[in-house]
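J.: Starting from these lines, generate the structure:
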Amino acid sequence: MKRRDFLIGSGATALTAASYSRVVGANARLGMALVGSGRRGREVMKAFLTTGRAELSCIADVYDVQRGRAKDFLGVKPDELVAIEEALSHKDVDAVLIGSPDHLHLNHTLAALKAGKHIYLEKPTSHHFEEGAKFLAAAKQFKNVVIQTGTQQRSGAHYARAKEEIFDKGKLGKVVFARAIWHDFPWQRRKIEPQPKPAGLDWERFLGPAPKVAYDWIRYDSWRYFPDYGGGLLADILTHWADVAQWMMNESRPLNATATGGIYQMKDGRVNPDTVNAVLQYAGGANGNWNLTFESSVLSIRNERPGVFFQGTEGSLEITRGEYVFTPVKGEAQIVKAEGNLEVAHATNFIEAVKTGKRPSADIQTGIEACNPVHLAKAAYWKKRRMKFDATGTKIIEDI
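T.: I've put the predicted structure just below:
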């Protein structure tokens, strides 16, 4: 049943974000806007369309070429818009997928909340540490709006099974180390040639709250290279694996962090490192302290099994998006394969949360907590010091 058919059949004149979750058993498709139609936004939107329970009503992007790419990739013909405000006022939009660059996440989320639209927000949730409190305060004010953040492992059945059957039952014993790795990102090794500003690119809208600088094509086309717009590997990748580690270990904030790395090969104008290591120490509660070690590079390092490897006194567990392998000190290894597509599972979880009003698997609190190690590690990298949160938990300071 299409969204419009459902509305006519029910006698309703409009299906708002607030009303959708109150329609018991509703099988209407969720009308969505895609805000930020770059590579990642397109991939996530495809997952929503794959569910058969969402339809793309409009695309809002500052660059007309990106909007065209999204339409071609998704095989649909939604309305094309430039500003998020236009998308939020679109009559067929119940929810918004925010796939815009990191520095725009807070402004776009606040706008969507005020418009009463449900939100799927790509990771990392926050670009700056101090934004976390603003996200949480706004979400509390608009508590009837569902917010799902983009750490899709939270909707993975084998991740949930590892949590329940291995970690919650203490099968690893005393966990001391967790090692997270992920390398080899071709789209961050592209050679970006300068070009005049395209007529269809709204440069000022792209900059948003970031420092006002003159147009520079590489800053738009590879915004992840620059701290003004994204946190690089420490944001894009650490967010995922730190979230997995914190989930499994029942932690939400590291005690301290150190980080090192640099531009080891890609001397192409980027500022964020192409290779980085970070070590984060956690309190561990009854389990006691443990360390999360993270290493990542955009370079073409062979990396067949990106994931998190936990080491404990009674065994080890390696978990990837494809499976987990539990190896006890005594006994045979246990392998549990993943089922289905994580992107689709996460999109489905969001749609169910909108429909039923239940908490999504990666709500805004989870998204902010996944950013705690990110911001601490970023501070450690740029300050070249060990960093920690202050006693109030509202500032990042040197750990002297």
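
J.: same for the longest helix seen in the chain, what does it pack against?
T.: Identified as the longest helix of the chain according to DSSP state H is helix 364-383. On a contact count with 3 or more CB pairs under 8 Å, 6 or more residues apart in numbering; DSSP states H and E, helix 364-383 meets helix 131-141, strand 147-149, helix 233-236, helix 238-249, strand 256-262, strand 275-282, strand 387-389, strand 396-398. (C-beta placed from N, C-alpha, C; glycine too.)

J.: Please identify which of these is closest to I351.
T.: Nearest of the helices and strands packed on helix 364-383 to I351, taken as CB to CB: strand 147-149 at 9.3 Å.

J.: I would like the residues contacting that closest one, please.
T.: For strand 147-149, the surrounding residues in contact (CB atoms under 8 Å, 6 or more residues apart in numbering) are 109, 118-123, 125, 139, 346, 349-350, 353, 360-364, 366-367, 370.

J.: now stretch 38-47
T.: Defining contact as CB under 8 Å, 6+ apart, one finds that stretch 38-47 is touched by 32, 34-35, 37, 56, 61, 66, 69-70, 73-74, 97, 99-100, 120, 122, 150, 187, 341, 343-344, 346-347.

J.: what's the spacing between the closest residue in space to E398 that isn't next to it in sequence and P227?
T.: Nearest in space to E398, with sequence neighbours left out and distances taken as CB to CB, 6 or more residues apart in numbering, is R385 at 5.0 Å. Noted for R385: a distance of 17 Å to P227, by CB to CB, to the nearest Å.

J.: same check, this time on P254
T.: Taking CB to CB, one finds P254 at 21 Å from P227.

J.: For those two, indicate the residue with more neighbours.
T.: P254 (24 against 17; other CB atoms under 10 Å).

J.: Could I get the contacting residues of the residue nearest to the more buried one when sequence neighbours are not counted?
T.: Nearest residue to P254, sequence neighbours excluded (CB to CB, 6+ apart): L280, at 4.1 Å. By CB under 8 Å, 6+ apart, L280 lies in contact with 242, 254-257, 291-292, 294, 373, 376-377.

J.: Please identify the most buried of the helices and strands packed on helix 364-383.
T.: strand 147-149 (a mean of 30; mean count of other CB atoms under 10 Å).

J.: Give me the next element, helix or strand, following it.
T.: helix 157-162 (DSSP states H and E).

J.: List every C-alpha atom in that next one, with coordinates, as CSV.
T.: Taking C-alpha atoms only, helix 157-162 is exported to CSV below (Å, rounded to 0.1, in the frame of the first residue of the first chain):
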residue,chain,number,x,y,z
ALA,A,157,21.3,-9.7,15.5
HIS,A,158,24.7,-11.3,15.9
TYR,A,159,26.0,-8.3,17.8
ALA,A,160,23.0,-8.5,20.2
ARG,A,161,23.6,-12.2,20.6
ALA,A,162,27.3,-11.7,21.4
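
J.: Quick check: buried residues in it?
T.: 158-159, 162 (16 or more other CB atoms under 10 Å).

J.: Report all helices and strands that that helix contacts.
T.: If contacts are counted by 3+ CB pairs under 8 Å, 6+ apart, helix 157-162 sits against helix 238-249, strand 315-320, strand 323-328, strand 334-337.

J.: what's it in contact with?
T.: 153, 244, 247-248, 317, 319, 323-324, 326, 336-340, 345.
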